[in-house]
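Colleague: sequence-free structure coming up:
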Ligand SMILES: Nc1ncnc2c1ncn2[C@@H]1O[C@H](COP(=O)(O)OP(=O)(O)O)[C@@H](O)[C@H]1O
């Protein structure tokens, strides 16, 4: 089935600004903010970890998670909000935005969230080592992976503007004309390169 609306992953280290971007994008475009944290809670597919330093940490059964979101992804128009990305089938994903943040700014945000000790350290390492960016680049065609910075308030607006414009182009290319182009094996002109600042 051809999707008429794209599926977009918004990923990044906790605290970088994923939810903020997803909410704003959903408000502006009418696409659905698919918070994976909410899916995990709703379907009880997380198991409490036995880490005494992080009793709230949930280990998620990824197969069950995929079962829960499969229909949504097939339908399209999903803005997927999660701190991991490589489990979603590439055939169902049209754009992957990795939200990045300066280490000092992220440290303050995570502290304000009450993170400390090992949990704070591991999340800071995750950002410094570019774990999510590498994961995204390994799992998906590098052309659809975009890195966006989110340190200042005005960056939220400019990032969302750019993604919104990309969505408009994608829809134009995948409407009736896009379907015709796909059938005649022409490549639709939804090149996400313009998103690469
Ligand atoms: N570009 C930004 N400018 C200012 N504050 C931001 C920006 N991006 C995120 N924040 C703030 O950082 C915190 C973490 O953002 P959030 O969207 O919850 O991150 P995540 O979903 O990645 O954990 C929130 O308080 C949010 O308001």
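Modeller: Okay, I see it. Predicted model, so just to flag it, every value in this text is computed and none were measured.

Colleague: would you list the phi and psi of residue 86?
Modeller: phi -80, psi 0 (degrees, to the nearest 10).

Colleague: that one touches residue 136, doesn't it?
Modeller: Yes - counting by Cβ atoms under 8 Å, residue 86 does reach residue 136; the two are 7.4 Å apart. In this view, the C-beta of every residue, glycine as well, is placed from N, C-alpha and C.

Colleague: so which of these two has more stuff around it?
Modeller: residue 136 (25 against 17; other Cβ atoms under 10 Å).

Colleague: do the helix or strand hosting that one and the ligand meet at all?
Modeller: Applying DSSP states H and E as the criterion places residue 136 in helix 131-139. No - using Cβ under 6 Å from any ligand atom, helix 131-139 stays clear of the ligand, coming no nearer than 10.1 Å.

Colleague: just the residues contacting that helix, thanks.
Modeller: 9, 11-13, 83-86, 90, 96, 98, 100, 125-126, 145, 147 (Cβ atoms under 8 Å, 6 or more residues apart in numbering).

Colleague: one more time with 10 Å, if that's ok
Modeller: For helix 131-139, the surrounding residues in contact (Cβ atoms under 10 Å, 6 or more residues apart in numbering) are 9, 11-13, 16, 18, 82-90, 93, 96-100, 122-123, 125-127, 130, 142, 144-147.

Colleague: list only buried entries from those.
Modeller: 9, 11-13, 16, 18, 82-86, 88, 93, 96-100, 123, 126-127, 144-147 (16 or more other Cβ atoms under 10 Å).

Colleague: now, which of those lie close to the ligand?
Modeller: 12, 16, 18.

Colleague: right, and the first one touches residue 150 too?
Modeller: Yes - between residue 12 and residue 150 there is a contact under Cβ atoms under 10 Å: 7.9 Å.

Colleague: common neighbours of these two, please.
Modeller: Counting by Cβ under 10 Å, 6+ apart, the residues touching both residue 12 and residue 150 are 18, 21, 97, 99-101, 106.
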